[in-house]
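> Task: produce atomic coordinates for the following.
(one chain, ligands or ions: 1)
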Amino acid sequence: MATGIVGEFLDLKAETDADVLAMQCGDFYEFFADDAELVADELDLSISQKSSHGSSYPMAGVPLSELTPYVNALVERGYRVAVADQYETEDGDHAREIVRVVTPGTVLETSDDDARYLAAVVREEGATGATADADADGPYGLAFADVTTGRFLATTVDDGGDLRAELYRFDPAEVLPGPRVRNDDGLLGAVREDLSGRVTAFDAEAFAAGRAEHAVREQFGRETTDSVGLDSTLAVRAAGAVLSYVEETGAGVLASMTRLTAYGADDRVDVDATTQRNLEITETMRGDADGSLFDTVDHTVTAAGGRLLREWLTRPRRDRETLDDRLDAVEALASAALARDRLREVLGDAYDLERLAARTTSGSAGARELLSVRDTLALLPALADAVDDTALADSPAAAVLGRVDRDRAAALRAELADALAEDPPKAKTGGGLLKRGYDDELDDLIERHEEVNSWLDGLAEREKRQHGLSHVTVDRNKTDGYYIQVGKSVADRVPEHYREIKTLKNSKRFVTDELAEKERAVLRLEEARGELEYELFEELRERVAERAELLQDAGRAVAELDALASLATHAARRDWTRPSLTDERRLDVEAGRHPVVEETTDFVPNDLRLDADRGFLVVTGPNMSGKSTYMRQAALIQLLAQAGSFVPARAAEVGLVDGIYTRVGALDELAQGRSTFMVEMQELSNILHSATADSLVILDEVGRGTATYDGISIAWAATEYLHNEVRARTLFATHYHELTTLADHLPRVENVHVAVDERDGEVTFLRTVRDGPTNRSYGVHVADLAGVPDPVVSRADEVLDRLREEKAIEARGGSRGGGSGDGESPGVDGGGTQQVVFDLSSGSFAGDGASDSGRETGSASRNGTAADGSESTTRATESDAATARLDAETRAVIEELSDVDVAETPPVELLSRVQEWQERLD
Ligand code: ADP
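Numbers count the residues shown, from 1 in each chain. Sure, this is the predicted structure:
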């Protein structure tokens, strides 16, 4: 058993459930034993050995002032780090205690401007048992806190799908699962899968209704749960757990969590995690921030503005009033270029008040941070000037500033201006933080301090003059304190009251009683001044912290103006238009564009109309013609409108939706090795369950992951269900040409297609969407582009024509001597032609050795238009020769080939599949 310092370390370590402990030992924080090895490994610290009672322990350390970056680096890697500080006990010994546990969700000094959330998830107590399917039941209570800004939200969601959507949206750095959630493998697995953050098992008691409610009331006052509309015990339990955790980790930011915002599913557009990913709202499918919708429309000039704009895009709203307000503001800002530029210029000087508020309450803000608070509050009048007396004066942009108590803000600014020195040092102690005139006692100390200093400054001159000495200097160092140094040549002429303290090579050092007394005075005054000043500074900081809410209001106003101005800037630059919002069930877009694709492409605008008579569009067209782009464009225009933004179109009437659901090619799932078809069906199932008559549904291919007949059947049935039962506004792109006939049967289904110009076998994409179905499908064209051997392509073309015209195709085995290259042709032994008729209506092969007459009928009718019978026969023979080379394997290859989605298959996989087909055809 280790004793001494290592023993103390190990005892403290046993007390905490943190992964690593940093313990203060004098001027260093030390790590011992396993912890030393871990930090040495992770952070490249050098390791030494500390012996303690015969044993030796690894040890690593960092200087006090450098602890923060090391702790942050560990936390970034997912560790929870406990910090133990040293203090002096009453009997003068040193003891240590853990003062803070820094965790991914409670770290304050973050390296970027993004929000950083700590989340808690609780599930209704009740029926137990592991649920493999995370979507199976709920409800769940959820709370999210960004301790760096004090933002705190809580809600309840109905099921696992909604839970995952919320977690995806907030992307928390740390999640605290409640007792039931953490014991549910299926759910926990699902949560982990979606998240990059850490999952921490926190004291189950903290999630209990009674304790959680107590924590919420302690924080926000007795009435909160009612006043913020938090009527759900589940949401309160999650919020309470978050508060307890923040308190327990010692982050010291509880005071900056000034309000709890309850939000419900009712005021938000339901955008599930898959759809958020598909629409590339904050990151592309590949996971890059560049090229996302947010990246494209973000012109904010402050960190808080960027956070808010991101929030608007990821959490679109349903209430007309808020949206119209935002749109009014964007409209005013978009059409007042000069005023907007002026406003953005002023905003550009603002610091992050929400973060500064958290830093003041946690006590980590220094004088420079308080100066930033002062300077940002000082911008409020300038912001008001930029808004009043301009075209913005009557817009909601002006109202944003109206929500800040400007008098209180001005008072706080003045208080800070009176207190803080203009250019304070970085160090919090050591003086120079406060202005003269701020505090009489401090002024008095400073005056006396300076008096002594000037006495000391003049001492050398005075001694020279009085005692006729040359070569005299007065200085101070750590060992000797203040001394008078006299050159050797005159050292024997010093007056009697000089006491020699040191002899150097060329000089001697002396002190006098008076100097010693002044030295004591200086030290006393220095200490008193430093102490008083820091005390006054702390008081000042506390007074600022008490007004955290004011700072947050002002910060929020800055953020809102910035986000609005950013939307206006983009609208003006890209000539976007104000959407006219309506409660009618319609989406009517004139000359719409894709907000991201138009940045880099000469974009061809397209119209779109979805309404009561035309609620379901089947979108057809060749691969790469622009179907996906057209559909995503519709979803993004809807989303932008409900974020309060202008939209890329000449005109747009947008009926508000309660949810946007998409299902598109699952590139990422394929990469994760999950069955694409299963995922596809899960997504479809979710949409069919969740969508309502007020939703927008985008389906980009359904049923591709299975055999053709399964696929068509599922797509067909899903269309009927969406059309008849759900009645959601739907866009459905499909390569099943068969589905275009649905328009003849279902009243609200219409066909549109992306037009192409096809001449001499060359396809030119026009990118124009027109009414009506395509006249053919283009899978075979893609096979050609991909370099599939010519005989296969031409045969595929033929099969396609036959299927289309006759709904049946004959398949034949090979026949030796049947055609060119016969020697190499694989075939069915025994010679002769083996024929199978594949009947589209039954989806089966109509028996081996189907009669020649069937084949001939087919040939005859296919070539029936030919005027010359003999030519027809010749062609039939040629084609027979080609057909004759096709055995069952070849047919299988063709089938697989036509099922491949070239655009959605990774190139490497495509190549390997082509190679596989070639091998099988050999
Ligand atoms: P599909 O879904 O039909 O396979 P995509 O929507 O993926 O086709 O579009 C293929 C390419 O065409 C994309 O790279 C896109 O940038 C471009 N594109 C699509 N629509 C347009 C348009 N309206 N104007 C210009 N380029 C477009």
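> Would you mind measuring the gap between the ends of stretch 592-603?
Stretch 592-603 has an end-to-end distance of 10 Å (criterion: C-alpha to C-alpha, to the nearest Å).
> could you give the mean pLDDT of that stretch?
The average of the pLDDT scores along stretch 592-603 is 96.
> Check stretch 905-916 too.
Per-residue scores along stretch 905-916 average to 78.
> Please list the residues outside the helix or strand hosting residue 910 that contact it.
For residue 910, the enclosing helix or strand under DSSP states H and E is helix 907-921. Around helix 907-921, the neighbours that count as contacts under C-beta atoms under 8 Å, 6 or more residues apart in numbering are 670, 786-789, 792, 889-890, 892-893, 896-897, 900, 902, 905. All C-beta spots, glycine's among them, are computed from the backbone N, C-alpha and C.
> and of the residues you listed, the nearest to residue 611?
When the contacts of helix 907-921 are compared for distance to residue 611, the smallest value, 34.0 Å, is given by residue 902; criterion: C-beta to C-beta.
> Could you give the number of residues near that closest one?
16 (other C-beta atoms under 10 Å).
> And for residue 503?
Residue 503: 11 surrounding residues under other C-beta under 10 Å.
> Just the buried residues of stretch 241-260, please?
Buried positions in stretch 241-260, judged by neighbour count with 16 or more other C-beta atoms under 10 Å: 241-247, 249-258, 260.
> Quick one: mean pLDDT for it?
pLDDT averaged over stretch 241-260 equals 89, rounded to a whole number.
> Need the CA coordinates for it. CSV is fine.
What follows is stretch 241-260, C-alpha atoms only, in CSV (Å, rounded to 0.1, in the frame of the first residue of the first chain):
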residue,chain,number,x,y,z
ALA,A,241,-30.4,15.0,-13.9
VAL,A,242,-28.5,17.5,-16.1
LEU,A,243,-28.5,20.0,-13.3
SER,A,244,-27.3,17.5,-10.7
TYR,A,245,-24.5,16.4,-13.1
VAL,A,246,-23.4,20.0,-13.8
GLU,A,247,-23.3,20.7,-10.1
GLU,A,248,-21.5,17.5,-9.2
THR,A,249,-18.7,18.1,-11.8
GLY,A,250,-18.1,21.5,-10.2
ALA,A,251,-18.2,23.4,-13.5
GLY,A,252,-19.6,26.3,-11.6
VAL,A,253,-21.9,27.4,-14.4
LEU,A,254,-25.3,26.7,-12.8
ALA,A,255,-25.7,30.4,-12.3
SER,A,256,-25.5,31.0,-16.1
MET,A,257,-28.3,28.5,-16.7
THR,A,258,-30.8,31.2,-16.2
ARG,A,259,-33.7,29.7,-18.1
LEU,A,260,-35.1,26.3,-19.1
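> Show me which residues of the chain are close to the ligand?
Counting by C-beta under 6 Å from any ligand atom, the positions of the chain adjacent to the ligand are 597, 601, 603-604, 606, 621, 623-629, 767, 903.
> So which of the residues you listed are in helices?
Residues from those lying in helices, with DSSP state H as the criterion: 597, 627, 628, 629.
> quick one: terminal-to-terminal distance for stretch 755-766?
Stretch 755-766 stretches 6 Å from its first residue to its last (C-alpha to C-alpha).
> Buried residues of that stretch, list them for me.
Per 16+ other C-beta under 10 Å, stretch 755-766 contains these buried residues: 755, 756, 763.
> Any chance of JSON lines for the residues you listed, columns pLDDT and secondary structure?
Formatted as JSON lines, the buried residues of stretch 755-766 follow (pLDDT from 0 to 100; DSSP: H, G, I helix; E, B strand; the rest coil):
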{"residue": "755", "pLDDT": "86", "secondary structure": "strand"}
{"residue": "756", "pLDDT": "81", "secondary structure": "strand"}
{"residue": "763", "pLDDT": "73", "secondary structure": "strand"}
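> could I get the residues you listed as TSV with distance to residue 145?
Below are these laid out as TSV (distance: C-beta to C-beta, whole Å):
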residue	distance to residue 145
755	52
756	52
763	54
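> pretty sure residue 252 is touching residue 362, no?
Yes. Between residue 252 and residue 362 a contact is recorded at 3.9 Å, counting by C-beta atoms under 8 Å.
> Work out for me the element the residue of the stretch 301-450 of the chain found nearest the ligand sits within.
Using C-beta to the nearest ligand atom, the closest approach of the stretch 301-450 of the chain to the ligand is made by residue 313 at 21.1 Å. When elements are assigned from DSSP H and E, residue 313 belongs to helix 303-314.
> now the helices for the stretch 101-250 of the chain?
Per DSSP state H, counting those that start in this stretch, the stretch 101-250 of the chain carries helices over the ranges 160-170, 179-182, 185-194, 209-220, 224-227, 233-248.
> quick revisit: for PyMOL, write the selection for the buried entries among the residues of the chain next to the ligand.
One line in PyMOL is enough to select the buried members of the residues of the chain next to the ligand, burial here meaning 16+ other C-beta under 10 Å:
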select buried, resi 597+603+604+606+621+623+624+625+626+627+628+629+767
